[in-house]
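Asker: Fold the following.
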Amino acid sequence: MDEQAISRSIPRSVGLLGSLSIAALAVVGLLGAVDGYLLESSEYLAPTAAVLVVTALVVGSLIALGARSKQWRAGPYW
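Answerer: Below is the predicted model:
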């Protein structure tokens, strides 16, 4: 199969379905966090927030390092 045939065989609604699935999982996770941490007093709220902040910083710094790379889109994947 050539590249055009592969891209035509996947309907565009699959991307929409994937995006909606990720959004739904994010909402369920947020509701779980609100239920577990905010409605009930929890001793794990501060450590959880710290882990989320550190994770965001690490992922953000890796994205920034990759964006500044001279080989940003030079690979065969892109």
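Asker: Is residue 22 inside a helix or a strand, and which specific one?
Answerer: helix 13-33 (DSSP states H and E).
Asker: after that helix comes which helix or strand?
Answerer: Past helix 13-33, the next helix or strand by DSSP H and E is helix 45-68.
Asker: that older thread, for the helix holding residue 22, what is the average pLDDT?
Answerer: Mean pLDDT, computed over helix 13-33, is 88.
Asker: quick one: it to helix 45-68, angle?
Answerer: 150 degrees (axes from the mean of the first three to the mean of the last three CA atoms, to 10 degrees).
Asker: hmm, who's touching helix 13-33?
Answerer: The contact list for helix 13-33 (CB atoms under 8 Å, 6 or more residues apart in numbering) reads residue 48. Heads up, the C-betas are built off the backbone N, CA and C, glycines and all.
Asker: Which segments of the chain make up each domain?
Answerer: 11-42, 43-78 (automatic domain parsing).
Asker: CSV for the ones you listed, including mean neighbour count?
Answerer: Output for these, formatted as CSV (neighbours: other CB atoms under 10 Å):
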stretch, mean neighbour count
domain 11-42, 10
domain 43-78, 9
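Asker: Could you pull up the mean pLDDT of stretch 51-66?
Answerer: Averaged over stretch 51-66, pLDDT sits at 90.
Asker: distance between that stretch and the chain's centre?
Answerer: Offset of stretch 51-66 from its chain centre (CA atoms, centre = their mean, to the nearest Å): 12 Å.
Asker: what does stretch 21-31 give?
Answerer: Distance, centroid of stretch 21-31 to centroid of chain: 11 Å (CA atoms, centre = their mean).
Asker: can you tell me how far the residue nearest to residue 36 when sequence neighbours are not counted sits from residue 34?
Answerer: Leaving aside its chain neighbours, residue 36 sits nearest to residue 42 (6.4 Å; criterion: CB to CB, 6 or more residues apart in numbering). According to CB to CB, to the nearest Å, residue 42 and residue 34 sit 11 Å apart.
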